[in-house]
Each structure stands twice: as structure tokens, then as C-alpha cells.
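**Student:** Fold the following for me, if possible:
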Amino acid sequence: MKTDLFDSPQESRSETSPGKPAVAENAPLAARMRPRALEEFIGQSHILAPGKLLRRAIEADRLSSIILYGSPGTGKTSLAHCIAQATKSKFERLSGVESNVADMRRVIAMAENRLRTSGQKTILFIDEIHRFNKAQQDVLLPDVEAGTVRLIGATTHNPFFYINSPLVSRSQVFELRPLTTEEIIALLKRALADAERGLGRHQVAITADALQFLARQSDGDARKALNALEVGVLTTPPIDGRIVFDLAVAEESIQKKAVVYDGDEDQHYDTISAFIKSMRGSDPDASIYWLAKMLYAGEDIRFIARRIVICAAEDVGMADPRALMVAVAAQQAVEFVGMPEAQIPLAQATIYIATAPKSNSSIAAIGAAMDDVKQGRTMEVPDALKDTHYRSAQKLGHGKGYKYSHDYEGHYVKQDYTPEKRTYYTPSDQGYEAEVRKRLERWKQSNP
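**Tutor:** The predicted structure follows:
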């Protein structure tokens, strides 16, 4: 079962006291250091700072059902426990991976009985709620609406895409953000000082750069940082009774950073969107960063190459036609050389497109023409342009009056190529397209 910040596989699904699960001594440090009250919770000041909506609702015990949405290690489970403690509610936990409809009905029945007999409210926490199918989510609707349970759903996925609209509409959605470096350092220091739950019984001399490294490399994930700290402390031999936790130990403890990146979900689409928009916005440094993130996370290099080809045509276009040539060359090189060398032509094409002059005239032109075709204003081919290769074509008037461009000065002659004159292509004044614009203006001004 997938867990959230400070989760422990040792804890039961139904807690014996509001918001205060029993955590085994041999549980991971992140589980032992779970905040016991809202005052201990670190991070998420955008929703929990004094005066913020969620903080006010918790303190006034006017909380409706909520959905907590955010990356792993941002505190979704911990916050649910803190809310249960603050509101003196019974905490019941289910998993979107392991639980079924029977589990939900059992917990809801107990919550209804508890509310009727003692007046105690129940918080039903569902981890990975997006894993429930539509029918399972629909089971919750009547009791959420009636207030039998207060639902707290936790998900790493955008709830507006992955959770049923009726359930989202009955809940308030709060996004939890990755913790800052300073917030993670505060958590690490608290764990080192806490002798009851943390590492305070060990004499640990940790350097400032080691703390900074753990905080930065955890990428906003508090669980990852705390677990790395515990690994380092418990595996480093003491010297004269002290454990020296320096940068070298920190590097060994956390090792390679695991980039949060779901290959077919939110992070996939968000990162490729940032990549394309950075190239379009002519920022080579941002473009290269997003490319590096995708490559590091194992994104399909052919997918990246396809997006570069599209960007070259859509956003550079006629301002520099060579951009498409570079992009297609990179696409072919990717197929030929593979990783890790494929990152070089991908980087070259990315930088070329990001630094090239920009024009979207090509996509604007085809878009406008497609609209005309879709809306039914289809034009007939003029007789002068119709095919003349078969014997009876001339009897039908095909080709009559056609002017062969190469017979005229400058290889250009004015001629109607559509029955009605329409303009779809409007060249910009960027890069090579400025020359195209001048050429079209010159042709327009020439004599018939």
C-alpha cells in the first residue's frame, strides 16, 4: 500500500484515539515524527497560515469534506491526522488501492452509529482516492452529502481529472505544495533534537552543507529527507561517541534524486507543456532545463523529438525554415544513436528553436483554411487549373486560359487560383519571413 508523509505500515486503519495513531518504535523516522497537532505541522502556509480558509474551518470545526492534492511527502496524511485531532473526530482510514465497497459501507455504518450514540464525528481518510472507480466513488456521495462522515481524500493526481465531478463538487480542493528548503531543514533539526521520537538519543554533529544538501535533494519531499537522515545517522560509525554527519554522508544517504514524473499523467503533460512554452518564449535555458528533467526521468526520447518537430513548424515556421530541418534531423538522429548520446542532438535542436525568430503564420494559415472547409464554403477548382492529361479534358474546357509561370519575367504572373479571393497566409516581419513578406508585396504590385 502506498503511503503518505509520515505514514507507517505498522499503524492500523482505524485509530483508537482522535488523530493520534500509535507508531511502533521501529517504524521509520518519518512515521515517528508525524506532527501530533496542527501547531506542529510544518509547511503549506498558503492554506494553513492564520486567517487562511482551511485553518479557519479547522479551528471553528466547520470543515466540510475536502480533497488534498499534492506530490508525495507534502503532508496529506499528516494533515488529515491533525484535522482529526483538532476537531476531536474519530479517524478512519481506507486505501484506494486495497479497500472495496464493503469496507466503505462498514466504516460508514460505524460512523453513523457513532454520531447517533455519542455525537462524535468521523473523518474518513481515503488515501489514493483516485484509485477508486466511478461506482466506488459514487457509494460515498449520499453519506458525504448527509454529513455522516467528513471525507478527506488524498491524491497525487489532479482531482478535476481523476475524481468524479459529483464528489469534487461536494468537496473543497486544497493543493499541497512541495516543502521549501527552509521547511525541510526545520523538520530535520526537529528530528535531530527529539529524544523521544527522533534521533535525539544519538550525538549527531551535522554540518550546515549536509542539511542543505538533504533539503535540496529531497525535492520538497519531507519523508525522503527524514528517511535519508535516519539512514545516515544509523549507518555512520561514531567517532569518540559522536556521529559526524557531513556532506559526504549526506550524499551517500540520499544518493540519486528521484524526480517526480508520471510518464502518462500530470507531470508528463505539465513538463512537456513547460518545455514547449519555453522554446516558444525564446528562453534556451528554461527549455534545456525542462528537457533535462524529462531525460533524467526517463521520458520517451521519440516523444520529445516529435514535440520538437511540431514546435519548429508551429512556432518558428517561416521565420526560419531551417528550424524544421534541424528538428527532423534531431528526430532521425535520436532513432539512430539512442541514449545517452541522443540528448546531444535533442539539446541542439532545442537551443536552435528557442533562439530562432518566431512566427505562427503557418499554423494560423492552415487553421483558417480548415475552418473555411469545415464550414461548408468549399470552392470549385477553376477550369484553368483542372487536370488536362487525358484526351477529352480540353473538350470540357479544362486548362483553358492557364498561364505557365515560367514563361513570364521573374517566373511570376498574376492569375486567379481560387474562384473567390481569400487570404489565409499573413507573413510576419520576423527573420527570413520578412523577405517572404517583401516578395509577396512585390508580386501584388506587379502588372497582370
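
**Student:** where does this structure have low pLDDT?
**Tutor:** Across the chain, the ranges flagged by pLDDT under 70 are 1-24, 256-265, 377, 447-448.

**Student:** Do you have the strands of it handy? List them.
**Tutor:** Assigned by DSSP state E, the strands in the chain fall at 66-70, 90-95, 122-127, 150-155, 172-176, 204-206, 243-245.

**Student:** could you redo those strands as a markdown table and give each row mean neighbour count and distance to Ala333?
**Tutor:** For the C-beta atoms, the positions are set from N, CA and C on the backbone; glycine is no exception. Formatted as a markdown table, these follow (neighbours: other C-beta atoms under 10 Å; distance: least, C-beta to C-beta, whole Å):
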| stretch | mean neighbour count | distance to Ala333 |
| --- | --- | --- |
| strand 66-70 | 24 | 38 |
| strand 90-95 | 22 | 45 |
| strand 122-127 | 26 | 44 |
| strand 150-155 | 25 | 39 |
| strand 172-176 | 18 | 39 |
| strand 204-206 | 18 | 46 |
| strand 243-245 | 20 | 45 |
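
**Student:** Which one of these lies nearest to Lys224?
**Tutor:** Of all those, it is strand 66-70 that lies closest to Lys224, at 14.1 Å by C-beta to C-beta.

**Student:** Name the residues of stretch 272-291 that are buried.
**Tutor:** For stretch 272-291, the neighbour count (16 or more other C-beta atoms under 10 Å) marks 272, 274-276, 278-280, 282, 284, 286-288, 290-291 as buried.

**Student:** just to revisit the earlier point, make JSON lines from the strands of the chain and add distance to Met318 to it.
**Tutor:** As requested, these are exported to JSON lines (distance: least, C-beta to C-beta, whole Å):
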{"stretch": "strand 66-70", "distance to Met318": "42"}
{"stretch": "strand 90-95", "distance to Met318": "54"}
{"stretch": "strand 122-127", "distance to Met318": "52"}
{"stretch": "strand 150-155", "distance to Met318": "44"}
{"stretch": "strand 172-176", "distance to Met318": "41"}
{"stretch": "strand 204-206", "distance to Met318": "58"}
{"stretch": "strand 243-245", "distance to Met318": "58"}
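
**Student:** which one of these lies closest to Ile42?
**Tutor:** Of all the strands of the chain, strand 172-176 sits nearest to Ile42, with 12.0 Å by C-beta to C-beta.

**Student:** what about stretch 157-166, distance to the chain center?
**Tutor:** 14 Å (C-alpha atoms, centre = their mean, to the nearest Å).

**Student:** what does stretch 210-221 give?
**Tutor:** Taking mean C-alpha positions (C-alpha atoms, centre = their mean), stretch 210-221 and its chain are 21 Å apart.

**Student:** In that stretch, which residues are buried?
**Tutor:** Buried residues in stretch 210-221 (16+ other C-beta under 10 Å): Ala210, Leu211, Phe213, Leu214, Ala215, Arg216, Gln217, Ser218, Asp219, Gly220, Asp221.

**Student:** just curious, which of those residues is nearest to Arg190?
**Tutor:** Leu211 (12.0 Å).

**Student:** got the contact list for that closest one?
**Tutor:** Residues in contact with Leu211 (C-beta atoms under 8 Å, 6 or more residues apart in numbering) are Ile185, Leu188, Lys189, Ala250.

**Student:** What are the boundaries of the helices in the stretch 201-350 of the chain?
**Tutor:** 208-217, 222-235, 247-254, 266-280, 284-297, 301-311, 322-337, 343-355 (DSSP state H, counting those that start in this stretch).

**Student:** Nearest spatial neighbour of Phe174, chain-adjacent residues omitted?
**Tutor:** In space, and not counting its chain neighbours, Phe174 is closest to Ile47: 5.2 Å by C-beta to C-beta, 6 or more residues apart in numbering.

**Student:** does that neighbour really touch Val173, like I thought?
**Tutor:** No - using C-beta atoms under 8 Å, Ile47 and Val173 do not qualify as a contacting pair, with a distance of 10.6 Å.

**Student:** any common contacting residues for these two?
**Tutor:** Common neighbours of Ile47 and Val173 (C-beta under 8 Å, 6+ apart) do not exist.

**Student:** In contact with the residue nearest to Phe174, which residues?
**Tutor:** Contacts of Ile47 by C-beta under 8 Å, 6+ apart are Leu53, Leu54, Arg55, Phe174, Leu176.

**Student:** Then Glu435?
**Tutor:** Per C-beta under 8 Å, 6+ apart, neighbours of Glu435: none.

**Student:** what about Glu25, neighbour count?
**Tutor:** Using other C-beta atoms under 10 Å, the number of residues around Glu25 comes to 7.

**Student:** distance of Arg422 from Ala365?
**Tutor:** 11 Å (C-beta to C-beta, to the nearest Å).

**Student:** These two: which has the busier surroundings?
**Tutor:** Using other C-beta under 10 Å, the more surrounded residue of Arg422 and Ala365 is Ala365, with 17 against 11.

**Student:** and which of the buried residues of stretch 210-221 is nearest Arg62?
**Tutor:** Gly220 (29.8 Å).

**Student:** picking up where we left off before, as TSV, the contacts of Ile47 with distance to Ala225 would be great.
**Tutor:** Shown next, in TSV, are these (distance: C-beta to C-beta, whole Å):
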residue	distance to Ala225
Leu53	28
Leu54	24
Arg55	24
Phe174	22
Leu176	16
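
**Student:** who touches the closest residue to Val204 other than its chain neighbours in this structure?
**Tutor:** Excluding the flanking residues, the one nearest Val204 by C-beta to C-beta, 6+ apart is Ile243, at 4.8 Å. Ile243 makes contact with His202, Gln203, Val204, Ala205, Val233, Thr236, Pro237, according to C-beta under 8 Å, 6+ apart.

**Student:** redo that, cut-off 6 Å
**Tutor:** By C-beta atoms under 6 Å, 6 or more residues apart in numbering, the contact list for Ile243 reads His202, Val204, Val233, Thr236.

**Student:** now do Lys403
**Tutor:** Val413, Gln415.

**Student:** Please tell me how far the spatially most central residue of the chain sits from Asp387.
**Tutor:** Nearest to the mean C-alpha position of the chain, by C-alpha atoms, centre = their mean, lies Gln267 at 2.9 Å. From Gln267 across to Asp387, the span is 52 Å (C-beta to C-beta).
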